[in-house]
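[1] Any chance you can model this:
(chains A and B)
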Protein chains: 2
Amino acid sequence: MAFVILNGGLLDAEQAALRIDDRGFLLGDGLFETMRAYDGRVFRLEAHLERLARSRAAFRLDEDYPPAELAQLVERLLAANELADARVRITLTRGRHAGGMYLYPASPLLLITAAPMPAAGPASAGLTLAYVGVRFSEHNPIFRHKTLNRLPHLLARTEAAQAGADEALILDERGNVATASTGNLFAVYRGQLFTPPLAAPILPGITRAEVLRLARSEGIPIREDFFSPLMLAGVAEAFLANSVSEIVPIVKVDANPIGSGQPGPVTATLQKLYRALVQP
Amino acid sequence: MAFVILNGGLLDAEQAALRIDDRGFLLGDGLFETMRAYDGRVFRLEAHLERLARSRAAFRLDEDYPPAELAQLVERLLAANELADARVRITLTRGRHAGGMYLYPASPLLLITAAPMPAAGPASAGLTLAYVGVRFSEHNPIFRHKTLNRLPHLLARTEAAQAGADEALILDERGNVATASTGNLFAVYRGQLFTPPLAAPILPGITRAEVLRLARSEGIPIREDFFSPLMLAGVAEAFLANSVSEIVPIVKVDANPIGSGQPGPVTATLQKLYRALVQP
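    The predicted model follows:
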């Protein structure tokens, strides 16, 4: 039997239910975080909760569940479910629809779920990506925060799947490379580690920040800057980074192999360093 | 006591509950329609259900509830709630999360709710609009369909409210005038009725189509074309159209009055014709 946290209480997942007037359901009016636990502890939990707090302020959700309380609830849920290696999701919505068609301050609905990590996936050999028609815009805050408005991401992923690829390569409105549907993009070009800047319509990824820290510590030159599909076609290596999948090499974009078409040495170095960080 | 329809059954609203793994809640993976009933019958119900069917096809939701069945359920709900003048909402989601992070065909969750229309609002004197920073993009299908991803619309409305306006005036990525947060935009300029074309990132409004039909029948020249904020500043009249509020004059955009700052004659003519259509 799996447990979840709903509004602060521990419940059997099968008994937990939502009201039909929840704004998360009716309007996508809410936020979430997805995190990974290793040996019973969520990696960089504080960073995830800080990001959530920034998004809550941006979307005017009250602070009914301060970060310290959320951290305790996450810990309680992992213990109740006897989970060591797990993915954990916190969902916060504006709660019951009451105050009109704008973003009013309101006590959020809180849901925390945890599930065991599946055995190592087939993705470790390297992902294939496909450019898609869906673009992310700098004029739309839903791309800078982890909100419940995930249709653009799902549409992008669906387009990629229809092209036979594992993941989507999403452009911004100017035609620069922005992000994948569920991970920040990195590329190695002429010895530098490139990644789109936070001014792009991308999520300020917790793993993105960790990768940049690790690269810096290794003396790898970093360049946070916009770059085009043309440049990406000529890079030596590329990879995605997110909290659940960690660092995953990209071996092909559309019909074009990245570098040799095999995961490269800078990616391997960063994967190894990241693994050393998260291993208990 | 209010009733709702949930997955085909009539339920007390207070007893209706959603599962925590519904994709509408977790990912905004769903669609909706908002309609208005006059004297117990939804106006242009067939047109709303046709639009919903087109969106279902675009987002790969199975046809578990064909239009004829949805129409019967709406009728049943209005009768059960003894509602004559009402707003009705149909919500369809992809149901339980199971098939991965893309838009797979799945049996939808269905929710239909109905609520009495409030007494005529204060908006009849004319709306004030404010330009906002949120923009809608042609590269994002969420703006062409009525999806559960409403944060961009809510953000726009919130920006407008903070500027002291009733509604948001939202631009497309090229800087042309696109739409309000909950209604299609019309303007009267040199005797022509302008409205952004369906190639713009706008909803194909049921009331929009009705207004164009009425204008055509009155011999008012129609121009579906992109136009700029500069042109909008010089129009004689402007109004919004949506199924719930019908046709509502716009009297000011930011600090600039539209025309005389009072609702104009073309708007009044179309309002009168629309009222005659919907009156039982």
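[2] So which residues on the stretch 51-200 of chain A come close to chain B?
    Within the stretch 51-200 of chain A, the positions adjacent to chain B are A:59-60, A:91, A:93, A:101-103, A:111, A:113, A:133-135, A:137, A:139-142, A:147-155, A:157-158, A:161, A:173, A:181-182 by CB under 8 Å from any CB of the partner chain. C-betas here are computed from N, CA, C, even on glycine.
[3] switch to 6 Å and redo it
    A:101-103, A:111, A:135, A:137, A:139-142, A:147-152, A:154-155, A:157-158, A:161, A:173 (CB under 6 Å from any CB of the partner chain).
[4] Sort out for me which of these are in helices.
    A:Leu151, A:Pro152, A:Leu154, A:Leu155, A:Arg157, A:Thr158, A:Ala161 (DSSP state H).
[5] Tell me where chain A has helices.
    A:23-27, A:45-59, A:67-80, A:151-162, A:206-217, A:229-232, A:265-278.
[6] so of those helices, which one's packed in deepest?
    Mean neighbours per residue, mean count of other CB atoms under 10 Å in any protein chain shown, is largest over the helices of chain A for helix A:23-27, with a mean of 26.
[7] Other residues contacting that one?
    The contact list for helix A:23-27, computed with CB atoms under 6 Å, 6 or more residues apart in numbering or on different chains, reads A:Asp29, A:Gly30, A:Thr93, A:Arg94, A:His97, A:Leu148, B:Gly24, B:Phe25, B:Arg150.
[8] among those, which two are most distant?
    Greatest spatial distance among these (CB to CB): A:Arg94 and B:Gly24, at 15.1 Å.
[9] Just give me the least confident of the contacts of helix A:23-27.
    The member of these with the lowest pLDDT is A:His97, at 94.
[10] got the contact list for that residue?
    A:Asp21, A:Arg23, A:Leu26.
[11] please redo it, this time with the cut-off set to 10 Å
    A:Arg19, A:Ile20, A:Asp21, A:Asp22, A:Arg23, A:Gly24, A:Phe25, A:Leu26, A:Leu27, A:Asp29, A:Ala106 (CB atoms under 10 Å, 6 or more residues apart in numbering or on different chains).
[12] Against A:Pro66, how distant is the closest residue in space to the first one that isn't next to it in sequence?
    Yep, that's A:Arg19 we're talking about. Nearest non-adjacent residue to A:Arg19, counting by CB to CB, 6 or more residues apart in numbering or on different chains: A:Arg96, 6.3 Å away. Separation of A:Arg96 from A:Pro66 (CB to CB, to the nearest Å) stands at 21 Å.
[13] which of those two has more neighbours?
    A:Arg96 (15 against 10; other CB atoms under 10 Å in any protein chain shown).
[14] is it true that that one touches A:Asn7?
    No: using CB atoms under 10 Å as the test, A:Arg96 is too far from A:Asn7 to be in contact (11.7 Å).
[15] End to end on stretch A:236-250, go ahead and measure it.
    Start and end residues of stretch A:236-250 are separated by 11 Å (CA to CA, to the nearest Å).
[16] For it, list every residue counted as buried.
    A:236-243, A:245-250 (16 or more other CB atoms under 10 Å in any protein chain shown).
[17] In those, find the pair that's most separated.
    Counting by CB to CB, the most remote pair of these is A:Ala236 and A:Ser243, 25.5 Å apart.
[18] pLDDT weak spots in chain A?
    Residue ranges of chain A with pLDDT under 70: A:1, A:120-124.
[19] got the contact list for A:Ala236?
    Neighbours of A:Ala236 in contact, by CB under 10 Å, 6+ apart: A:Ala187, A:Val188, A:Tyr189, A:Arg190, A:Gly191, A:Ile258, A:Gly259, A:Ser260, A:Gly264, A:Pro265, A:Val266, A:Thr267.
[20] looking at the sheet around the third one, what are its partners?
    Partner residues in beta bridges with A:Tyr189, using DSSP bridges, are A:Gln192.
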